[in-house]
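Visitor: sequence first, then the predicted structure, then my questions.
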Amino acid sequence: MKTSNNTVLITGGGTGIGFCIAEEFVKSGNEVIICGRREEKLKEAKEKLPDISTKVCDVSSAKDREELFRWVTTKFNGINVLVNNAGVQRMIDFKKGAAELAKHENEVEINLTAAIQLAAYFIPGLMQREEAAIVNISSGLAFIPLAIMPIYCATKAALHSFSISLRHQLKDTSVKVFEVIPPTVDTELDKGTRDLRNMTYRGIPPSEVAAAMLKSLAVDEYECLVGQAKNLMEASRANFAEQFGRMNH
Ligand SMILES: NC(=O)c1ccc[n+]([C@@H]2O[C@H](COP(=O)([O-])OP(=O)(O)OC[C@H]3O[C@@H](n4cnc5c(N)ncnc54)[C@H](OP(=O)(O)O)[C@@H]3O)[C@@H](O)[C@H]2O)c1
């Protein structure tokens, strides 16, 4: 997959890994569009990367997703790279029942449905391009869950499976399907729950994930396992029970 002269849409591109991906794509000579819910974060991103375009959009809203698709199609004459990066991660204790679940953002809509729906919107247009890609950002937790964040891990496992099926469905088209599988990354994803868990390790910088992604894109490495994510994937196959126990004691 070429890594320059693309028109790239990155969901959740205002902060963290998404912002670093935007930065890498800009550096490599691509047109970049980012979206997110917080306008101030998009503005901060645009101050750092003046050439990018921004759009306020809540990808958990069906209306916003459709509006995003129409806006991108009209304003940019379409894209040839879609990066499904927007995500949230919540600790949810099912012993507390439905009220606890309702307190939180809808992780299924944000982490999974949005990626599926945006893929469905954009694929017909992507297929018209000489070269195109969908990049799904999943997680090492797709392979072995952390039980304290059950929905997050389930959405990432589903996104992994979806990426495999989509890649297979699109194998005879110009659309390549990549999955980027990060380990723990030092971002604000957890909204402070790492502190609650006394977790001192903050993870690798998000720039490392973005750099690894561009490298994988360049050589058509469809599963980009970053850092420790590779070990998690291998451990899930070699000895799932032991690794699950170690992570969830
Ligand atoms: N950090 C890690 O350890 C880690 C590990 C593996 C995988 N990942 C994955 O990497 C991706 C990026 O996360 P990150 O670590 O970079 O955290 P982050 O800095 O919190 O980035 C998440 C981005 O998603 C956006 N977002 C969240 N909900 C949204 C919604 N409903 N609509 C539109 N945008 C939304 C956020 O912006 P707004 O809040 O302004 O909308 C934010 O810019 C996620 O998919 C995450 O699961 C992260």
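Guide: Noted; the coordinates are in hand.

Visitor: now I116: closest residue in space that isn't a chain neighbour?
Guide: The shortest distance from I116 to any non-neighbouring residue, by Cβ to Cβ, 6 or more residues apart in numbering, is to F162 (6.4 Å). No exception for glycine: its C-beta is placed from N, CA and C like everyone else's.

Visitor: checking that neighbour next. Helix, strand or coil?
Guide: Secondary structure state of F162, per DSSP: H, G, I helix; E, B strand; the rest coil, is helix.

Visitor: go on, V32?
Guide: Three-state assignment for V32 (three-state DSSP): strand.

Visitor: give me every residue that touches the residue nearest the centre of the chain.
Guide: Among the residues of the chain, the one closest to the centroid is N85, at 2.4 Å (Cα atoms, centre = their mean). Residues near N85 by Cβ atoms under 8 Å, 6 or more residues apart in numbering: 10-13, 17-18, 21, 135, 137.

Visitor: again, but for K75
Guide: Listed by Cβ under 8 Å, 6+ apart, the contact set of K75 reads S53.

Visitor: likewise the one 5 residues further on?
Guide: By Cβ under 8 Å, 6+ apart, the contact set of N80 is 6-8, 126, 129, 131-133.

Visitor: select only the buried ones of those residues in ChimeraX?
Guide: To isolate in ChimeraX the members of these that are buried, counting by 16 or more other Cβ atoms under 10 Å, one can use:
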select :6,7,8,126,129,132,133
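
Visitor: returning to that earlier point: what subset of the contacts of N85 is buried?
Guide: Neighbour counting over the contacts of N85 (16+ other Cβ under 10 Å) leaves 10-13, 17-18, 21, 135, 137 as the buried ones.

Visitor: which of those residues sits closest to the ligand?
Guide: Taking Cβ to the nearest ligand atom as the measure, the ligand sits nearest to G12 out of the buried ones among the contacts of N85, at 2.5 Å.

Visitor: in the chain, which helix or strand is least confident?
Guide: Every helix and strand of the chain was ranked by mean pLDDT, DSSP states H and E. The lowest is helix 193-196, at a mean of 83.

Visitor: list of residues touching the next helix or strand after it?
Guide: Tracing the chain past helix 193-196, the next element assigned as helix or strand by DSSP states H and E is helix 206-218. Residues outside helix 206-218 that contact it (Cβ under 8 Å, 6+ apart): 1, 3, 16-17, 19-21, 23-25, 28, 133, 135, 178, 180, 182, 185-187, 221-222, 224, 226-227.

Visitor: near the ligand too, which of the residues you listed?
Guide: With Cβ under 6 Å from any ligand atom as the criterion, the members of the contacts of helix 206-218 in contact with the ligand are 16-17, 182, 185, 187.

Visitor: which of those fall within helices?
Guide: Counting by DSSP state H, the part of those found in helices is 16-17.

Visitor: what subset of the ones next to the ligand among the contacts of helix 206-218 is buried?
Guide: When neighbours are counted using 16+ other Cβ under 10 Å, those contain these buried positions: 16-17, 182, 185, 187.

Visitor: adding distance to A102, write those out as TSV.
Guide: Written out in TSV, the entries for those read as follows (distance: Cβ to Cβ, whole Å):
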residue	distance to A102
G16	26
I17	28
P182	29
V185	28
T187	26
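
Visitor: okay if I get these as a markdown table plus pLDDT?
Guide: Compiled in a markdown table, those are given as follows (pLDDT from 0 to 100):
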| residue | pLDDT |
| --- | --- |
| G16 | 98 |
| I17 | 98 |
| P182 | 98 |
| V185 | 97 |
| T187 | 97 |
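
Visitor: the ligand: which of these is nearest?
Guide: For these, the nearest to the ligand is G16 (2.2 Å; Cβ to the nearest ligand atom).
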